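Student: need coordinates for the below:
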Amino acid sequence: MNHVAHRIRTRLVPAVLTALGVSFITAGLLTYTGPVDAGPGPSQSPTIATLPPTPPAATPTASPSDAAVETPGVSPTPPLDRVATRVVVAALRIDLPIVAGNANYPLCNVAQYITDLPQPGWGRATYLYGHARTGMFLPILTASEIDNGAKMLGMIVQVYTSDDRLFLYEVREVRRHQTNLDDAIAATTDQVWLQTSEGPKGTVGKTQVVATLLSEGAADPSEAHPTPKPVVCG
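Tutor: Below is the predicted model of the structure:
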């Protein structure tokens, strides 16, 4: 295990995983701190729907018309203070400001990022999470319940950053009933992970959408800096 992965594993509790409503155990699994009063039980095995490999000559079938896409790949020297500021999945009508995660129950009206995992452009996984509520990540949960989320494969995820960059990702996997972050922690390519709940607080298992980088380009500052209006969920 490399130094960064070791640091993340040893520091995720409580600063990060408590924010997800979970605690990290030795085996690398997540166990929920609240009572499980609804949602998937232990008998539901994790599932992963995967997009088939794209032929070399193929190009993405969708991209936002206003994206000023430059060369594919990652900036050679990302700013150290870069953070994700906005996530858009147009096909699911998701458009949320992003704020830093914390040690409390996740906020409403925003997505949050795990602070101990990298930001876009660093060649690893950026991890965003939000509630399965109207106006938030509910469309991810709803779509995941049909054919294990196959509808989402190939969708474009837009992530804006504080230094006015736009990253385009393509959804490659939909993972249901997941109980660990191991693959996100171990990622060695630029990815964005979107996580949402599968039931009320305390429900075992989360849905994760995994998208890989297609390209990076300049973004209109007015689009990269939405005004977050987080509220404590009732």
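Student: excluding residues flanking it in the chain, which one is nearest the most centrally placed residue in the chain?
Tutor: Nearest to the mean C-alpha position of the chain, by CA atoms, centre = their mean, lies Leu194 at 2.3 Å. Distance criterion CB to CB, 6 or more residues apart in numbering; nearest residue to Leu194, sequence neighbours excluded, is Val209 at 4.3 Å. For the C-beta atoms, the positions are set from N, CA and C on the backbone; glycine is no exception.
Student: any idea how far the one you found is from Ala187?
Tutor: Val209 sits 14 Å away from Ala187, taking CB to CB, to the nearest Å as the criterion.
Student: who has more neighbours, those two?
Tutor: It is Val209, of Val209 and Ala187, that has more neighbours when counted by other CB atoms under 10 Å, with 28 against 19.
Student: right, and the helix or strand after the host helix or strand of that one?
Tutor: Val209 is part of strand 206-218 when elements are defined by DSSP states H and E. Next helix or strand after strand 206-218 toward the C-terminus (DSSP H and E): helix 221-224.
Student: quick one: buried residues of stretch 130-146?
Tutor: 130-132, 136-141, 143-144 (16 or more other CB atoms under 10 Å).
Student: which residues of the chain fall in strands?
Tutor: For the chain, applying DSSP state E gives strands covering 22-24, 30-32, 47-50, 68-69, 84-89, 94-100, 111-113, 125-129, 156-161, 165-178, 191-197, 206-218.
Student: with respect to Gly149, which of the ones you listed lies nearest?
Tutor: Among the strands of the chain, the nearest to Gly149 by CB to CB is strand 165-178 (3.2 Å).
Student: next one, pLDDT for the residue nearest to Leu194 please.
Tutor: Val209 carries a pLDDT value of 98.
Student: what ranges of this protein fall below the confidence cut-off?
Tutor: 1-43, 54-76 (pLDDT under 70).
Student: would a markdown table of the buried residues of stretch 130-146 with distance to Gly101 be doable?
Tutor: Below are the buried residues of stretch 130-146 laid out as a markdown table (distance: CB to CB, whole Å):
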| residue | distance to Gly101 |
| --- | --- |
| Gly130 | 10 |
| His131 | 13 |
| Ala132 | 17 |
| Met136 | 15 |
| Phe137 | 14 |
| Leu138 | 19 |
| Pro139 | 21 |
| Ile140 | 17 |
| Leu141 | 19 |
| Ala143 | 24 |
| Ser144 | 22 |
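Student: I am finished for the moment; much appreciated.
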